[in-house]
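J.: no letters, just coordinates:
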């Protein structure tokens with residue numbers, strides 16, 4: 001039985017940067033609050049709580065005078081509300097998300113209706129819409145624009161940074177078919193994160209060579225779910241959060257097992273999954 005790890009695992013650049021900033025603030029102050037989860041990974045949040053990080057569920061739930069915002073970013077309206085309450089705001093927005101925010105702002109100021117290819121309920125998407133001054137919409141279905149009558153003359157399209165590139169390409173093709181011959185201007189800007197692209201490519205490469213793919217990460221993590229979705233199109237795939245979910249029967253049932261992880265999954269968690277698999281094979 002062969003066990004193999006994907007080439008791109010561990011925290012992505014944006015998550016690593018956000019955690020480094022948060023840990024520094026926590027060390028300096030002894031404790032600190034975040035507005036919502038810094039990243040979508042319960043294992044990471046559990047470790048951060050040990051050094052005094054508390055997750056505030058809303059602005060009204062913030063108890064101190066300083067707050068750290070997450071890697072997914074926030075809207076200008078939310079940041080203004082925080083500062084109006086005399087709070088010190090430490091912004092850890094991922095640079096790739098920041099780029100998408102600026103793209104949305106420029107498009108909106110230029111008179112475009114901003115279309116975000118992404119999950120309406122994801123905090124990153126909500127924040128980007130805020131940078132477009134809410135002159136826009138988020139959707140995963142180009143057909144949803146058919147509800148506009150007439151169709152806006154100027155459409156600006158970008159993507160949630162963790163989306164699957166091929167799916168974004170398909171979305172823009174569908175959109176092009178919708179707007180052609182309707183006297184509309186369509187501007188498409190690719191805002192998908194480069195790290196996410198490499199991670200997805202490495203996972204797919206490994207998935208093509210194994211009988212079982214284990215995608216490690218939080219069930220609420222968008223990029224982790226996208227990894228699992230991609231791999232499941234190639235081989236049998238399981239999404240697990242920790243090594244505790246590794247089943248002994250897998251090492252008997254499958255000859256080659258691959259392991260990868262989402263952008264907010266610590267390398268330590270990946271190592272624990274690999275160690276558990278080796279333990280079940282009797283190699284440890």
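T.: Yep, that arrived. Everything numeric here is computed off the predicted structure, so don't read it as measured data. Numbering: from 1, shown residues only.
J.: so residue 158 bridges to which residues?
T.: According to DSSP bridges, the residues that bridge with residue 158 are residue 116.
J.: in contact with it, which residues are there?
T.: By Cβ atoms under 8 Å, 6 or more residues apart in numbering, the contact set of residue 158 is 100, 103-104, 107, 114-117, 128, 188-191. For the C-beta atoms, the positions are set from N, CA and C on the backbone; glycine is no exception.
J.: same thing but 7 Å
T.: 100, 103-104, 116, 189, 191 (Cβ atoms under 7 Å, 6 or more residues apart in numbering).
J.: try residue 234
T.: Counted by Cβ under 7 Å, 6+ apart, residue 234 has contacts 204, 207-208.
J.: what bits of the chain have low per-residue confidence?
T.: Applying pLDDT under 70 to the chain flags residues 283-284.
J.: ranges for the strands of the stretch 51-200 of the chain?
T.: Counting by DSSP state E, counting those that start in this stretch, the stretch 51-200 of the chain has strands at residues 53-56, 66-69, 88-91, 113-117, 136-139, 154-159, 185-188.
J.: give me whichever of these is most buried.
T.: Ranked by mean neighbour count, the strands of the stretch 51-200 of the chain are led by strand 113-117 with a mean of 25 (mean count of other Cβ atoms under 10 Å).
J.: and that strand, what does it pack onto?
T.: helix 95-109, helix 123-131, strand 136-139, strand 154-159 (3 or more Cβ pairs under 7 Å, 6 or more residues apart in numbering; DSSP states H and E).
J.: now for the top helix by length along the chain, which elements pack on it?
T.: Using DSSP state H, we find that the single longest helix of the chain is helix 13-29. Packing partners of helix 13-29 (3+ Cβ pairs under 7 Å, 6+ apart): strand 32-35, strand 66-69, helix 95-109.
J.: would you map the helices across the stretch 101-250 of the chain?
T.: Here the stretch 101-250 of the chain has its helices, by DSSP state H, counting those that start in this stretch, at 123-131, 165-179, 194-207, 222-232, 248-253.
J.: contact partners for residue 224?
T.: Going by Cβ under 7 Å, 6+ apart, residue 224 touches 215, 217-218, 239, 262, 265.
J.: dump the residues you listed to a markdown table, plus neighbour count.
T.: Converted to a markdown table, the contacts of residue 224 look like this (neighbours: other Cβ atoms under 10 Å):
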| residue | neighbour count |
| --- | --- |
| 215 | 27 |
| 217 | 28 |
| 218 | 22 |
| 239 | 21 |
| 262 | 30 |
| 265 | 30 |
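J.: distance to residue 281 added to those residues, as TSV?
T.: Listed next are the contacts of residue 224 as TSV, based on distance: Cβ to Cβ, whole Å:
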residue	distance to residue 281
215	20
217	23
218	26
239	21
262	25
265	22
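J.: among the helices and strands packed on helix 13-29, which is nearest residue 60?
T.: Using Cβ to Cβ as the measure, strand 32-35 is the one of those that comes nearest residue 60, at 10.8 Å.
J.: quick one: contacts of that closest one?
T.: Outside strand 32-35, the residues that touch it by Cβ under 7 Å, 6+ apart are 22, 25-26, 52-56, 59, 62-64, 66-70.
J.: OK, contacts around residue 39?
T.: Taking Cβ under 7 Å, 6+ apart as the test, what residue 39 contacts is 15, 18, 70-71, 264.
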